[in-house]
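Engineer: model this:
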Amino acid sequence: LLHGLQNQNENLFILPGGVAEIFLSRRRSTHHDTTLSNTQTIKARRYGLMKLALQTGAVLYPSFVFGASDMLDQLTPSDPPPVVENEKDENNTKNNNANETTTSNNDKKGFSFGNTMQKLSRKIGGGLTLYYGQFGLPIPFTPQLSMVVGDPIYPVVEAGGSTMKNVTGDKVTCTRIENPTKEQVEELMERYVNAMYGLFEQYKEEAGYPNEKLQII
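Structural biologist: Numbers count the residues shown, from 1 in each chain. Modelled structure (predicted):
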């Protein structure tokens, strides 16, 4: 799809969280009190996405929406992952199958309605969950929402800039690597994750969530 859009000189907007992130969403019970500490967990360690960016020369833009998880409650959240104190520990970035670790650990805990719904959602290719908002209806609550977007992340950093043309040959684009190595994928992932943490910490107080914490799995 991405290659096809590039041939048409169009862009593709990808949300890396997917089905898994839907079930990680939890609305704070006291959503009006943003002074309370809360951990936001997002599913962003997508090594396949990093590989695709290197292969196509697509630029990554880290972004985050403060308050998004406070809009709705859901009846079927999956079991929460354990909170890691040091999110930037190198051990978190060395396993290319890290995005499957939480699911595997949760599977060992026994039956969970949320985990079962998540597995079913994966099979049908869409998020199948039960949610509600104001008055028990699918009417969202109204928390303060702030979307922040970070600086672009170029998959390949080159001195003097790239001279490679895009697939249509009408503009300069980021250098493409047809077969990126594991090390190149991990290096881009590390830059992306660090940018997400930096973006979150930079704007959380201004967005009204000064005590919020971010966990990337």
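Engineer: remind me, longest helix of this protein?
Structural biologist: Longest helix in the chain, counting residues (DSSP state H): helix 182-203.
Engineer: what helices or strands is it leaning on?
Structural biologist: helix 47-56, strand 63-66, strand 146-149, strand 212-216 (3 or more CB pairs under 8 Å, 6 or more residues apart in numbering; DSSP states H and E). Placement of C-beta: from N, CA and C, glycine included.
Engineer: do you know which of these lies nearest residue 113?
Structural biologist: Residue 113 lies closest to strand 212-216 among these, at 22.8 Å (CB to CB).
Engineer: Parallel or antiparallel, list what pairs with that closest one.
Structural biologist: strand 38-42 (parallel) (DSSP bridges).
Engineer: got the angle between the partner strand and helix 182-203?
Structural biologist: 150 degrees (axes from the mean of the first three to the mean of the last three CA atoms, to 10 degrees).
Engineer: what about strand 38-42, average pLDDT?
Structural biologist: For strand 38-42, mean pLDDT rounds to 77.
Engineer: buried set for it?
Structural biologist: The neighbour-count check on strand 38-42 (16 or more other CB atoms under 10 Å) flags 38, 40, 41, 42 as buried.
Engineer: show me the contacts for the second one.
Structural biologist: Residues touching residue 40, when contacts are defined by CB atoms under 8 Å, 6 or more residues apart in numbering, comprise 69, 200, 212, 213, 214, 215.
Engineer: now do 7 Å
Structural biologist: 69, 212, 213, 214, 215 (CB atoms under 7 Å, 6 or more residues apart in numbering).
Engineer: low pLDDT regions in the protein?
Structural biologist: 1-3, 5-7, 9, 29-37, 76-112, 158-173 (pLDDT under 70).
Engineer: what about residue 16, distance to residue 52?
Structural biologist: Distance from residue 16 to residue 52, counting by CB to CB, to the nearest Å: 11 Å.
Engineer: now do residue 180
Structural biologist: 10 Å.
Engineer: And for residue 132?
Structural biologist: For residue 132 relative to residue 52 (CB to CB), the value is 36 Å.
Engineer: The two: who's more crowded?
Structural biologist: Just comparing residue 132 and residue 52: by other CB atoms under 10 Å the higher neighbour count belongs to residue 52, 18 against 14.
Engineer: count of neighbours near the closest residue to residue 14 other than its chain neighbours?
Structural biologist: Taking CB to CB, 6 or more residues apart in numbering as the measure, residue 14 lies nearest to residue 49, with 6.7 Å between them; neighbours along the chain are not counted. Residue 49 is flanked by 18 other residues according to other CB under 10 Å.
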